[in-house]
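1. Structure, please.
(2 chains)
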2 protein chains.
Amino acid sequence: MSVFAAARQRAAHYANRNPLFAKLNKTHLEYFNCVLREQCPKNKKPGRMLTDPNKIVSFNRDWMNQVEGECPVVLLPTSTQQVAAILRYCQSEKIGIVPQCGNTGLVYGSSALHDEVILSLREMNGDPVVSPQTMSTEAEAGVILQQLQEAAKTHDLLVPITMGSKGSAQIGGAVSTNAGGIHFARYGSMHANVLGLEVVTAQGEVLDMMSTLRKDNAGYDMKHLFIGSEGTLGVVTRVSLKLYPFPRSTQLALFRLTTFESVLELYRLAQEHLSECLSAFEVVDGESLSVTPQEELPFTRTSKSDTFRAGQDFTSAYFCVMVETNGSNAEHDMEKLSRFVEAAECNPRCVSKGDLGESFEPVLSQSLAQTAQLWNLREDTPVRLASAGTIYIFDVSFPLDKFYDIVLHFRKMIYKNGGFDPDEVLVVGYGHFGDGNIHLNVVDRTRKHSDALDAVLFPAVYEFCAAHSGSISAEHGVGVQKKAYLGFSRKPEVIALMRTLKRTMDPNGILNPYKVID
Amino acid sequence: MSVFAAARQRAAHYANRNPLFAKLNKTHLEYFNCVLREQCPKNKKPGRMLTDPNKIVSFNRDWMNQVEGECPVVLLPTSTQQVAAILRYCQSEKIGIVPQCGNTGLVYGSSALHDEVILSLREMNGDPVVSPQTMSTEAEAGVILQQLQEAAKTHDLLVPITMGSKGSAQIGGAVSTNAGGIHFARYGSMHANVLGLEVVTAQGEVLDMMSTLRKDNAGYDMKHLFIGSEGTLGVVTRVSLKLYPFPRSTQLALFRLTTFESVLELYRLAQEHLSECLSAFEVVDGESLSVTPQEELPFTRTSKSDTFRAGQDFTSAYFCVMVETNGSNAEHDMEKLSRFVEAAECNPRCVSKGDLGESFEPVLSQSLAQTAQLWNLREDTPVRLASAGTIYIFDVSFPLDKFYDIVLHFRKMIYKNGGFDPDEVLVVGYGHFGDGNIHLNVVDRTRKHSDALDAVLFPAVYEFCAAHSGSISAEHGVGVQKKAYLGFSRKPEVIALMRTLKRTMDPNGILNPYKVID
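-> Purely as a prediction, here's the structure:
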């Protein structure tokens, strides 16, 4: 079975097209075309509609190339009023519609599954407005995260979110999915950083909740309903975001530790010594880096160090830990970091020399270029793993002390119980340790084992989360991929409330159908 | 007219009792009594019911003694199951019910207005659980904020919220009202810090959303619906909160500046020099301190310095600014603070010597005791003002540069246009400058001018907010007091969505009736 078919099968009962949805006809297309061309503010270019299958193909595929929809038409509005008219029409005509920003999600949340219309926000991407006075920015949904970061930087301000996909991900999608990333532990979630939103509801109403005020308790704070609801309750069209002083000093230290217990101890020391300066604490296990060429590594890898240690419950030979600080005073930050590194080196529980006979001296970045290079190690990891074969990406979270258990458990299930060859199937873990957020990746380098791996992984991974106080989705959301498993992370009464809201706000279920809940 | 009558009149159309609500009868009381005594876990004492008017009187009055309800019975449950049974029953019998925690709110949000039953959470106050591993705490709704802070402190951890009322305010109420306080600018709102909630809905369903996970994107994040909705959508019974490393170093500097422009400049310097250490930036104008005895002030007050400067648009003679830092390294924090103070003293835009001929040297706290004493200056301000006469407290927010305009405007309206005597009516402003959150207080020292002041202030204060990009409620919420004015801060489509949610989740409108929206 192809991965695509398997993915669809896993979400089996969502694969059926909603029979109440209209089939697109010429009248529909004429209406869309008319709205996009005519409901256009004077200072903007008109919206566009794509019907050429060659131009639609990239909108129809998810980032991992695992799901391909049959969307026949992509709408590219340039104004909120166009979005509102389109959604009003789709609600009354019962046309399924999928909002899409950068399409970098990993749970098929912005994919059409059948013949839904795709509503791409990518052309709503005017220059973001940055206000140093209010330390905030206002941007349209289609603004690329990196573009927003650069705009803020010109005013010496920092956007509190960044992640590997920053060059493609768009801010509307990042807000709609409550995207996390590497600075989450320092600056918090989108719920902590979004000051205002403009949203078009599934019924085509514009909710203007834009604001740059820090405190505003005038009634229910409705914007939170749209943060993280993955475009199923409304389409985010504009965002106002908190900004922070751009750090004058960024320091990075890379450690190689031989046991998970040492990682835990290092984290405790980081909290103690770095505290308000700590901006990232990322962990990548040795096996994750087995697909990274030696020349990109800041240490010499022995062949032995790529594989977990035999006879030790499949534990990793080593863990790479990246500790970043952000601060306003380079001298203070370097002093804090030095004391932290010293404390780690003196701490017998924080073993930095391993049983491979190598020296595991921490690497302290000496320049911005080196910092960027070291970050590439981490950020390229998912991309390299995805190119190494057919990839299963599980984004889950646990209490810190249980962070790595899921990797050990599934190595046992796959190698020992399942009899798979470690050279053919990689089972690796990396992620945002400070948030308890691990990405368990299983890579089938042969691209042949889908059926057998499916049987081992589904729903076992989610059962494992439920049994170990974890979440089935830390930062990627639910989309299609995890919809059937929501019950592993949410109580029935809570799911019932989600369903009530969805049905109340989107009576015909037209907005991002088959995703999250219906 | 009494202030009570005036307050009720301002909320005129909410003063009518909902005719659909049942009148309490013996059967109802028997049911409540039975639930409280019998639905009780083994390890807890049973709940209680109060019907003696003498024991009910304090539950029936708001903190400012402005509203007095006619609640005939107070329920004091000790378990979530009791709360659920009570709400199920109230929904089916159409009995209005008001959840109440510390009853320290300032918008009559936890007051009964007619004969509603009061559901006090104060006996759901078991010892909070603090987990250093997950850096979080779990507590029942009735736990007093200060008690929670002390429990966290024993593990060297900090609760990210504190405020003047910490000795009475309870955590369930603080979450339900999205309480702010002095550390909001550093640690963010309740939306940023609540990790999990247990809520009983208006229909008596228990929503178990308790969690200590930092990242959890498994479906809509329903807890945000109950944060800040002031107990109108559900009753918060249990809370899980993020904790932070307890700062090893707390520094405090007190400035006296002569112009508002200097305050703005000082804030810019604080962002630049203190950045990640800055934990509070509070402003109190000179008139606010006119009711503070000289012996409690860290500077000598001339009689002239109590009143605004003549001929200068009623601007204040001076502003007290309290700048606090929290950090992990005392030496670094003191160095940052010294450089900041130095920069302020050298900055010609940051005038620290005034036209009163006094020396306005900044005061740097030399001990924890002095820090506490200086904080009392700020925290006692609202209490002293409230005892000085009949008080009108307006909690509003603005973009930073417009922070103080509302005080100047209403001095003009009251003194110049209204002809009131500054010795009889105080018009003062103080608040959380870093959040743009000012408390405009008008104090009628004669207690005679209610009608005339009402005419000047309502709805003019809220109109002023709307016209100057402000919010009618920064941190106090809406309650009864601001319900009629919601339209000054929220668009009609957003209010319509709030109403839809309220009606969907509380079909008979029994939960905290007449508050926020109906």
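2. Tell me which residues of stretch A:444-455 come out buried.
-> For stretch A:444-455, a neighbour-count test (16 or more other Cβ atoms under 10 Å in any protein chain shown) marks A:444-445, A:449-450, A:453-454 as buried. C-beta coordinates here come from the backbone N, C-alpha and C atoms, glycine included.
3. Output the longest helix belonging to chain A.
-> helix A:368-387 (DSSP state H).
4. got the contact list for the very next helix or strand once past that one?
-> As assigned by DSSP states H and E, the chain's next helix or strand after helix A:368-387 is strand A:390-397. Outside strand A:390-397, the residues that touch it by Cβ atoms under 8 Å, 6 or more residues apart in numbering or on different chains are A:3, A:64, A:106, A:382, A:385-386, A:406, A:435-444, A:447, A:450, A:453, A:457, A:461, A:465, A:470-476, B:213-216.
5. Average pLDDT for strand A:390-397, rounded please.
-> For strand A:390-397, the mean per-residue pLDDT is 95.
6. tilt between it and helix A:368-387?
-> Angle of strand A:390-397 versus helix A:368-387, following axes from the mean of the first three to the mean of the last three Cα atoms, to 10 degrees, is 120 degrees.
7. Measure how buried A:Glu30 is and give me the count.
-> 10 (other Cβ atoms under 10 Å in any protein chain shown).
8. did I read that right, it in a helix?
-> Yes. The assignment for A:Glu30 is a helix, going by DSSP: H, G, I helix; E, B strand; the rest coil.
9. just to revisit the earlier point, which pair in the buried residues of stretch A:444-455 spans the largest distance?
-> A:Arg445 and A:Asp454 (16.4 Å; Cβ to Cβ).
10. so where do the helices sit in the stretch 1-150 of chain A?
-> Residue ranges of the helices in the stretch 1-150 of chain A, as given by DSSP state H, counting those that start in this stretch, are A:3-10, A:26-38, A:53-60, A:80-93, A:145-153.
11. just to revisit the earlier point, got the CA coordinates for the longest helix of chain A in CSV?
-> Taking Å, rounded to 0.1, in the frame of the first residue of the first chain, the C-alpha atoms of helix A:368-387 are listed here in CSV:
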residue,chain,number,x,y,z
LEU,A,368,27.2,34.4,14.6
ALA,A,369,28.2,32.3,11.5
GLN,A,370,29.1,29.4,13.8
THR,A,371,25.8,29.8,15.7
ALA,A,372,23.8,29.6,12.4
GLN,A,373,25.8,26.6,11.3
LEU,A,374,25.1,24.8,14.6
TRP,A,375,21.4,25.6,14.4
ASN,A,376,21.4,24.1,10.9
LEU,A,377,22.3,20.9,12.5
ARG,A,378,19.1,20.9,14.4
GLU,A,379,16.9,22.5,11.8
ASP,A,380,18.0,20.3,8.9
THR,A,381,17.4,17.2,10.9
PRO,A,382,13.7,16.7,10.0
VAL,A,383,14.5,17.5,6.3
ARG,A,384,17.4,15.1,6.1
LEU,A,385,15.3,12.3,7.8
ALA,A,386,12.4,12.9,5.4
SER,A,387,14.7,12.5,2.4
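12. Could you list every helix and strand in contact with that helix?
-> On a contact count with 3 or more Cβ pairs under 8 Å, 6 or more residues apart in numbering or on different chains; DSSP states H and E, helix A:368-387 meets strand A:249-257, strand A:278-285, strand A:319-327, strand A:390-397, strand A:425-432, strand A:437-444.
13. Tell me which stretches of the stretch 201-350 of chain A form strands.
-> Ranges of strands within the stretch 201-350 of chain A are A:206-209, A:234-242, A:244-245, A:249-257, A:278-285, A:319-327, based on DSSP state E, counting those that start in this stretch.
14. Just send those back as a markdown table, with mean neighbour count and distance to chain B too.
-> A markdown table is the format used below for those (neighbours: other Cβ atoms under 10 Å in any protein chain shown; distance: least, Cβ to the nearest Cβ, whole Å):
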| stretch | mean neighbour count | distance to chain B |
| --- | --- | --- |
| strand A:206-209 | 20 | 5 |
| strand A:234-242 | 27 | 9 |
| strand A:244-245 | 18 | 5 |
| strand A:249-257 | 22 | 10 |
| strand A:278-285 | 24 | 9 |
| strand A:319-327 | 25 | 6 |
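15. export those strands to TSV and tack on distance to B:Lys94?
-> Shown next, in TSV, are these (distance: least, Cβ to Cβ, whole Å):
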stretch	distance to B:Lys94
strand A:206-209	32
strand A:234-242	33
strand A:244-245	49
strand A:249-257	60
strand A:278-285	53
strand A:319-327	55
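16. Now name the helix or strand holding the closest residue to chain B within the stretch 51-200 of chain A.
-> Nearest residue of the stretch 51-200 of chain A to chain B: A:Ala192, at 3.4 Å (Cβ to the nearest Cβ). Here A:Ala192 sits within helix A:190-193, counting by DSSP H and E.
17. From the contact counts, what lies against that helix?
-> By 3+ Cβ pairs under 8 Å, 6+ apart, helix A:190-193 packs against strand A:234-242, helix B:190-193.
18. okay, it in CSV with CA atoms only?
-> What follows is helix A:190-193, C-alpha atoms only, in CSV (Å, rounded to 0.1, in the frame of the first residue of the first chain):
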residue,chain,number,x,y,z
MET,A,190,0.6,32.1,20.3
HIS,A,191,-2.0,32.4,23.1
ALA,A,192,0.7,34.4,25.0
ASN,A,193,1.8,36.5,22.0
